[in-house]
Structures are given as C-alpha cells and as structure tokens.
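In: Task: produce atomic coordinates for the following.
(chains A and B)
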Amino acid sequence: MSLAKRIIPCLDVDNGRVVKGVKFVDIRDAGDPVEIARRYDREGADEITFLDITATQDNRDTIVHVVEQVASEVFIPLTVGGGIRTLDDIRRMLNAGADKVGINSAAVFNPDFVREAAERFGSQCIVVAIDAKKVSFGDESDRWEIFTHGGRKATGIDAIAWAKKMVAYGAGEILLTSMDRDGTRAGFDLPLTRSLSAAVTVPVIASGGVGTLEHLAEGIILGKADAVLAASIFHFAEYSIEQAKRHMASRGIEVRL
Amino acid sequence: MSSVAVIDYGMGNLHSIVKALQHAAPEVEVVCVSDAETILGADRVVFPGVGAIRDCMQALEQSGLSEVIRQVALSKPLLGICLGMQALLTDSAENNGTQGLDIFSGHVVHFPEALIDSDQNALKIPHMGWNQVHQTQAHPLWANIPQDSRFYFVHSYYARPDDPALIAATTQYPEAFACALAQDNVFAVQFHPEKSQAVGLQLLHNFLHWNGQV
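Out: Next comes the predicted model:
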C-alpha cells in the first residue's frame, strides 16, 4: 500500500495536431490530440502532458481549445507546457481545464515569475521544466547545466542548484529532461535523474531518451524518479500504457493498474 | 431535475469539477456560483478548493460565503474537496495558523519533514499522485467503489479530526492519515474525485444521488 509511480504520456502539439515524437522517422502527423488523450486515458495513463510547440502567437489559442475539449471528457490530471510566460498565460490554461502548467525558459529569464505564479495559483499547479545537459568531462565529477532554446543555448547555471532554487521559489514538481538523451531512445540520463531527485523535496518527473519499457523501470528504480514521461514509444501504438505499467509492475514498481 | 451548486469563491479552476459532475450524472443541473441564494436553493453543494488556506478563508469571509457553507452543512448534502475539506476543520497549521470553518472539530497539519518509505527512499512533499483509499466505515458515497481503489492526490497538509469516528477512509504516506471525513450530511475528501477517472466519477455520482442520510 503506497503511492504509485506515475506514467505520463506527452503529446507534442503543433497548431492543434500531435506531431511526431520519433526523431528518425519522417511522419509529421501523429493525430488528433483529443482522440489520443482519450486512448491514453483508457489505457490507464496517470496524467497527460501537452507540450505546445506552436511558434506563432496567433495559434496559441488552439492549445486552449485542445485542453478544453480534453478536460471535458478525460478525468485525470492534465499539464500544459510550452510558451507559458505570464500569469495570464497560466490563468488561461487553468481556466481551460489544465491542472498544472510547465514553466521552462520564462523561469530562467525571470526566476521571480515562478514565485509569483506559485503564490497566485498554488505550488500544486507549478511544474518547473528543466532542460539539462552534461558539461563535465572524463574524470571530472558529474555536472549538468541548464540549456534553453531546445538545448542550443547554454546558461552556465548548474542544474541541481537551479532545481533547489526553483523548489524554494515554489515549484511543486520538477520535469527533468536530459538534452543529451532526448530523442535518442537510449534511456534516461540516470545519474542526472538520481542526483536531482535526491537534491529536492518535491516529486521529479524523468524525461528524455525512453526507447524501451525497461527504460521506464530504470528511471524509477535507478533514477529514483517519482514519475516517468515519454512521447514516442506511446505514439503509433508501439507500446500501450498498459503494457508499460505491467512491465513496471513486473519489476516490483507500485503502479495503478 | 435535481441541482448541485459548485461554490465559486475565486480560488482557481472549476472547469474540471463542473465537467466531471456533468459527466457523472447528466440528469443533474450543475451550477457554478457565488451567490448565497442559489447555493442555498440547490439540492446539493460542492465546496472545492486549491491553493493556500489563508487566501481561501479570506475569500470566504469577504464574500460572506463562510456563513452560507455553515448553513449548508446543517441542511443538505455537502461535499468538500481538497482545500475545501481542510477549510471545514477548526484550524490549519498552514500560513502560520489559519482559522477554519470548524464544521469538523480538529486540525490540519503538515506532513513531517524527511519522510522515508519502507525501502528507505525519501518521500516527496507534496504527496502527489495515485494512492490507495482504504474505506474505514460503510457510507453511501463508497457505493460501487472497490476497497483500496486509487484516487489522485496533491497536497502537503492533511486533516487530523479530534474524533477518529469521523474518519471515513485513510491513506498511507507512509503513516495512515484521514483522507475522507463524514459527519451526518457532510462528506469531505482530500483527494480529487474529479481527477480520479472511473472511481472518482463513481464517487461524484454517488454524491449526486445521496439524500444526506447515513
């Protein structure tokens, strides 16, 4: 009897459509977000995360409609990330039916935004997304830094110290993505995940690099994550959420079946 | 047509709870309101809440809704959810001590620091995710909900009623805490039924057909 570890499928949404999560396969369109969210819910997803990758401000309204539609028929927690920069952005998402928002670059540019957001809306709905990349070499002790702009821009900020600061500012959860592993299907960066999870008091979601069901189990057992997030292995029905949960259960991980 | 009023006192998103109630019982009229007359005129009342308790109590006092909730608690089925449950107790340790509505006698306390589970892993705060709800008394709101079903939680504080007989269910994190309280026509849950998929909808369905009798 204890708290279940969570599996969170992530939908990359571009202008109202779910786009490919598979790096090496050239399929742009993976389908209708509402339909896919419904399927994940049926299969037992513990939460669903939408990452709005829409570049233009005009199309931002689309994600609000997607969240509204999904929230009207899928009764599990929903998180929306991507382009969250102002308190008004957060309010819009919550009013549309999102339970949490993911804040990434905006936190790096203005850490106080996280504090204001947590004060206004409560820590329970503020997820700080951290994109980290290993910067140590060879025999040096492991060190990771925060990168922005999809992993292209270094900030010089230590990832572990940053996570602690974000928790102190009111983050209720950390979504940790390894930029070294994202899209590689080689598994999570387990030393990064373990170090960061041990450093903070709030739940940590591991992300970036899942290619097999065993990777999900590793993220929990070796990475000490509280939840695992994956995109591509669940799209195109490569694996179902239920298969993933059964695999985790077979590794002795407590899951909601 | 029976009706349920969801109390809107300006604390966060009510979209999910309204949609979930509509889904759980399409024949029931769901209204999301802040005016006393409509709330007192509804057949049942849901008192939701997220965020910090001080803001919640301030909003209730300023709007006069605390008195409305006290009246509802004396007269018709009332369901408190999450912060809406915590506000029903005498007081809370949150925000350096905050007075509650004192409908349930007892206190709201923070999880202890540095919790560990049986495998020596650190337990995170907030307690977030799907945990088992162990029903400790028979109640109409548990109809068709299997013992130890998992519901979705997100909270750092929990209720500790003075009278253990008020406890309707417990959850372990890692010690057992009261995750549901029941007293006459009032029922309150720490978890989020509106985010707990099938079992959550079942609980809302049960509430929307409850006559307030135990």
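In: wait, isn't residue A:124 in contact with residue B:52?
Out: No: in this structure, residue A:124 is not within contact of residue B:52 by Cβ atoms under 8 Å, at 10.0 Å. All C-beta atoms are positioned from the backbone trio N, CA, C, and that covers glycine.
In: Give me the below-cutoff pLDDT ranges for chain B.
Out: B:12 (pLDDT under 70).
In: Around chain A, pick out the residues from it.
Out: Contact residues (Cβ under 8 Å from any Cβ of the partner chain) of chain B with chain A: B:12-13, B:15-16, B:19-20, B:23, B:50-52, B:117, B:121-132, B:134, B:148, B:150, B:152-156, B:172-174, B:194-197, B:200-201.
In: Sort out for me which of those residues are in strands.
Out: In this view, the residues of chain B next to chain A that belong to strands under DSSP state E are B:127-132, B:134, B:150, B:152-155, B:172.
In: Among those residues, name the buried ones.
Out: Neighbour counting over those (16 or more other Cβ atoms under 10 Å in any protein chain shown) leaves B:127-132, B:134, B:150, B:152-155 as the buried ones.
In: Nearest to residue A:150 among the residues you listed?
Out: residue B:128 (27.4 Å; Cβ to Cβ).
In: Not counting sequence-adjacent ones, nearest residue to that closest one?
Out: residue B:154 (4.7 Å; Cβ to Cβ, 6 or more residues apart in numbering or on different chains).
In: ok, the one you found - contacts?
Out: Neighbouring residues of residue B:154 by Cβ atoms under 8 Å, 6 or more residues apart in numbering or on different chains: A:77, A:124, A:172, B:82, B:126-129, B:192.
In: State the distance from residue B:141 to residue B:201.
Out: The gap separating residue B:141 from residue B:201 is 13 Å, by Cβ to Cβ, to the nearest Å.
In: now do residue B:43
Out: Distance from residue B:43 to residue B:201, counting by Cβ to Cβ: 19 Å.
In: Ok, residue B:208 next?
Out: Taken as Cβ to Cβ, the span from residue B:208 to residue B:201 is 10 Å.
In: Repeat that for residue B:129.
Out: As judged by Cβ to Cβ, residue B:129 and residue B:201 stand 19 Å apart.
In: tell me the helices in chain A, going along the chain?
Out: Listed in chain order, the helices of chain A (DSSP state H) span A:33-43, A:60-71, A:87-96, A:105-109, A:112-121, A:159-168, A:190-199, A:213-221, A:241-250.
In: How about residues contacting the fifth one?
Out: With contacts defined as Cβ under 8 Å, 6+ apart, helix A:112-121 is touched by A:85, A:87, A:90-91, A:94, A:101, A:103, A:106-107, A:126, A:128, A:166, A:169-172, B:12, B:50-51.
In: tell me, how many neighbours does residue 182 end up with?
Out: The chain I'm using is chain A. For residue A:182, the count of nearby residues is 19 (other Cβ atoms under 10 Å in any protein chain shown).
In: wrong one, chain B
Out: Residue B:182 has 22 nearby residues by other Cβ under 10 Å.
In: Return the backbone torsion pair for it.
Out: Backbone geometry at residue B:182, expressed as degrees, to the nearest 10, gives phi -140, psi 140.
In: Pretty sure it sits against residue B:136.
Out: No: contact criterion Cβ under 8 Å: residue B:182 and residue B:136 do not qualify, at 9.8 Å.
In: Now do the shared contacts for these two.
Out: Shared contacts of residue B:182 and residue B:136, defined by Cβ under 8 Å, 6+ apart, comprise residue B:168.
In: ranges for the helices of chain B?
Out: For chain B, applying DSSP H gives helices covering B:15-24, B:36-41, B:53-63, B:65-75, B:83-86, B:197-208.
In: Point out the residues in chain A that sit beside chain B.
Out: For chain A, the residues in contact with chain B (Cβ under 8 Å from any Cβ) are A:1-6, A:41, A:46, A:68, A:71-73, A:75-77, A:94-99, A:121-125, A:172-173, A:198, A:200-204, A:224, A:226-227, A:256.
In: what about burial for those, which qualify?
Out: So, by 16+ other Cβ under 10 Å, the buried ones in the residues of chain A next to chain B are A:2-6, A:41, A:46, A:68, A:71-72, A:75-77, A:94, A:96-99, A:121-125, A:172-173, A:200-204, A:224, A:226-227, A:256.
In: Name the nearest residue to the spatially most central residue of chain B, ignoring sequence neighbours.
Out: Note on chain B: the residue nearest the mean C-alpha position is residue B:81, at 2.3 Å, using Cα atoms, centre = their mean. Excluding its sequence neighbours, the residue lying closest to residue B:81 (Cβ to Cβ, 6+ apart) is residue B:48, at 4.7 Å.
In: same question, residue B:167
Out: Nearest non-adjacent residue to residue B:167 (Cβ to Cβ, 6+ apart): residue B:178, at 4.5 Å.
In: which residues pair with the one you found across the strands?
Out: Per DSSP bridges, the residues bridged to residue B:178 are residue B:159, residue B:170.
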